[in-house]
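In: Using only what follows, build the 3D model:
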Amino acid sequence: MASHTDNRSTSSTSPSSSDGELRIDIEKQESRNASIKRQSGEQEGVESKSKEESDQWDNIEPEPDLLDTNASGVTGALGRVLSRISTNASWNPGPPPDGGRNAWLMCFCGHLIITNTWGFINSFGVFQTYYADTLGRSPSDISWIGSITVWLTFCMGAFSGRLVDAGFLRPVLAVGASFLVLGIFTTSAATQYWQLLLAQGLTMGLGCGFLFCAAITTVSTYFSTKRSFAIGLTASGSVTGGLIFPAMARQLLPKIGFGWTLRAMGLVTVVCMAFVVTFMKSRVPPRRTGSLVDLAAFRELEYTFYACGCFFNFWGIYFPIYYISAYSRNPDFVHPSLSYVDSLNLILILNGVSIVGRLLPNHLADRYGPLNLLGPFAALGGILNFVWMVIDTPTKVYIWAAFYGISAGGVQSLFPAGCSSLTTDPRKQGTRIGMIFTIVSFATLSGNPISGAIISANGGKYVGAQAFSGAILLLGSALIFAARLARMRKTGAGWGVKI
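Out: Residues are numbered from 1 along each chain as shown. Below you'll find the predicted structure:
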């Protein structure tokens, strides 16, 4: 009986037995199981993180449907129109390519848009001088033509940006290009002040408004770590246009007259816009829900400070660009005064050197943050406006114009990059950038006419307008700094944070 019991006990602990295992085998098996579980957990964590990053568009809170055809009011009317040309599209584009053929092609298309919009706008000093000589109107009156163009360029941002977010990039580009070309050719036939207001101010302004926000919004969705540089490269189109159009005016105005000079410029625009409409396309899926404005953005203190800072920056930034040519031709301010042709060269220099202010700061912004650079560039512009008060020789004017071109170029190219950096949802880029553009538009509408009125009220002297422009640029710089502090406080980051 004892022998039988011992055999049964031995059998129960035998390695070959199905009912039991040696202790060392059990420990090895448990070790292998734990290792497999750890590897499986790590793999699931990586997959979860990857899915979380790639599905950033799936976690957006539902909003009112912009294209709800049953809604009442403006939203319903807009929805009924847009729903006829909309298509159901939903895809996950993944993270931005941050380079590659398609991304840089979009950057080139954006560059062409800015060339034919802001390049034309920044060349208004040519028209300011020409209209003053031929129309016999006050500087303030003539400034309204350019100011209306700039106002509409920004003011249309909320509308056109929301349409781009909704997936209507190509119709927006086509409508904008049509208005722009129509405005240029009708300006070529204008002979009276009110005709120029309608053609160059209103019609061209509408075209620029549709195109500008679409360019910045689309390019920003193709880049992440290189976004600021890509936006700066796009914005440098204003340098290209700021060199091409004044050079055309300088060469063609004395030979073929105002009308045919504008028609030649119009042909350049037709070719560029045909390329843009053909090749530019959206990367992210359309955001068909949501209102035209995102009022929740103003509950973010940094966004509110940033919007106010940009308003004051653009209230003063364009005064020197519009008036430096007329200033240099006045013998009371510059000794000896510049000729008409030399004053056009001054605009070429101002626009040409601004390439430094558009590319270098945006390149650095990808490393240090656009808000960290925008404030100092706005402050530099304010200081240079006060320095302008003592500029009284051609040499000093040329040197001053070069420095101001760099400062103004930095402010103009960094501010959309700064807004983009404050927007975490890529599908709201168009809406939030467009809202800033609309706010800024009212500054650009009134800034130059106010400066012109100050000049007229002071008997043609520029010192009051120079002080006004310089002071509000310094105020804008302070508000950009406040936006930086608000973001630091919100995130708990230190002074070295990239914002």
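
In: since we're on residue 225, how many residues are nearby?
Out: 11 (other Cβ atoms under 10 Å). (C-beta placed from N, C-alpha, C; glycine too.)

In: That one looks like it's in a helix, true?
Out: No. Counting by DSSP: H, G, I helix; E, B strand; the rest coil, residue 225 falls outside a helix, being coil.

In: Contacts only, for it.
Out: By Cβ atoms under 8 Å, 6 or more residues apart in numbering, the contact set of residue 225 is 98, 366.

In: Give me the distance between it and residue 106.
Out: Separation of residue 225 from residue 106 (Cβ to Cβ, to the nearest Å): 16 Å.

In: cool, residue 302 as well?
Out: Taking Cβ to Cβ, one finds residue 302 at 28 Å from residue 106.

In: can you check residue 392 too?
Out: Taking Cβ to Cβ, one finds residue 392 at 46 Å from residue 106.

In: shaky segments in this protein?
Out: Within the chain, the stretches with pLDDT under 70 are 1-92, 288-290.

In: let's see 50
Out: Scanning the chain for pLDDT under 50 picks out 1-22, 24-25, 28, 42-69, 75, 81-89.

In: pull the longest helix from it.
Out: Longest helix in the chain, counting residues (DSSP state H): helix 237-279.

In: on contacts alone, who are the packing partners of that one?
Out: Helices and strands touching helix 237-279, by 3 or more Cβ pairs under 8 Å, 6 or more residues apart in numbering; DSSP states H and E, are helix 101-121, helix 124-135, helix 169-188, helix 340-368, helix 394-421.

In: chain center to stretch 189-206, what's the gap?
Out: The chain centre lies 26 Å from the centre of stretch 189-206; the measure is Cα atoms, centre = their mean, to the nearest Å.

In: I meant to write stretch 219-239 there.
Out: Between the centre of stretch 219-239 and the centre of its chain there are 8 Å (Cα atoms, centre = their mean).

In: Quick check: buried residues in that stretch?
Out: 219-223, 226-239 (16 or more other Cβ atoms under 10 Å).

In: Settle it for me: which of residue 392 and residue 106 has more neighbours?
Out: residue 106 (26 against 11).

In: how much space between residue 100 and residue 109?
Out: Distance, residue 100 to residue 109, by Cβ to Cβ: 15 Å.

In: Settle it for me: which of these two has more neighbours?
Out: Using other Cβ under 10 Å as the criterion, residue 100 and residue 109 rank with residue 109 on top: 24 against 10.

In: for the more buried one, what are its contacts?
Out: Residue 109 neighbours (Cβ under 8 Å, 6+ apart): 215, 275, 276, 279, 280.

In: please redo it, this time with the cut-off set to 7 Å
Out: Contacts for residue 109 (Cβ atoms under 7 Å, 6 or more residues apart in numbering) come out as 276, 279, 280.

In: what's the closest non-adjacent residue to the second one?
Out: Leaving aside its sequence neighbours, residue 279 sits nearest to residue 109 (Cβ to Cβ, 6 or more residues apart in numbering; 5.8 Å).

In: SS state for residue 95?
Out: The three-state label given to residue 95 by three-state DSSP is coil.

In: Quick check on it: phi, psi?
Out: Dihedral angles of residue 95 (phi, psi; degrees, to the nearest 10) stand at phi -70, psi 160.

In: again, but for the one 5 residues further on
Out: Dihedral pair for residue 100: phi 100, psi 170, per degrees, to the nearest 10.

In: Now render the helices and strands packed on helix 237-279 as a markdown table, adding distance to residue 307.
Out: Formatted as a markdown table, the helices and strands packed on helix 237-279 follow (distance: least, Cβ to Cβ, whole Å):
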| stretch | distance to residue 307 |
| --- | --- |
| helix 101-121 | 20 |
| helix 124-135 | 25 |
| helix 169-188 | 23 |
| helix 340-368 | 19 |
| helix 394-421 | 8 |
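
In: do you know which of these lies nearest residue 491?
Out: Taking Cβ to Cβ, helix 394-421 is the member of those nearest to residue 491, at 12.5 Å.

In: For that closest one, which helices and strands make contact with it?
Out: With contacts taken as 3 or more Cβ pairs under 7 Å, 6 or more residues apart in numbering; DSSP states H and E, helix 394-421 sits against helix 227-235, helix 301-316, helix 319-328, helix 340-368, helix 370-387, helix 429-457.

In: Please repeat the previous calculation with a cut-off of 8 Å.
Out: For helix 394-421, the elements it packs on are helix 204-220, helix 227-235, helix 237-279, helix 301-316, helix 319-328, helix 340-368, helix 370-387, helix 429-457, judged by 3+ Cβ pairs under 8 Å, 6+ apart.

In: how big is the angle separating it from helix 237-279?
Out: Counting by axes from the mean of the first three to the mean of the last three Cα atoms, to 10 degrees, helix 394-421 points 40 degrees away from the direction of helix 237-279.

In: Buried ones in helix 394-421, by neighbour count?
Out: Within helix 394-421, the residues that qualify as buried are 394, 397-398, 400-421, counting by 16+ other Cβ under 10 Å.

In: again, but for stretch 323-338
Out: 323, 324, 325, 326, 327, 328, 329, 333, 334, 337, 338.

In: With adjacent residues omitted, what lies nearest to the fourth one?
Out: If I follow you right, that is residue 326. Closest to residue 326 by Cβ to Cβ, 6+ apart is residue 129, at 5.7 Å.

In: What about that neighbour, how many residues nearby?
Out: For residue 129, the neighbour count with other Cβ under 10 Å is 22.

In: check contacts around it.
Out: By Cβ under 8 Å, 6+ apart, residue 129 lies in contact with 325, 326, 329, 340, 343, 344.

In: mind redoing it with 7 Å?
Out: Counted by Cβ under 7 Å, 6+ apart, residue 129 has contacts 325, 326, 340, 343.
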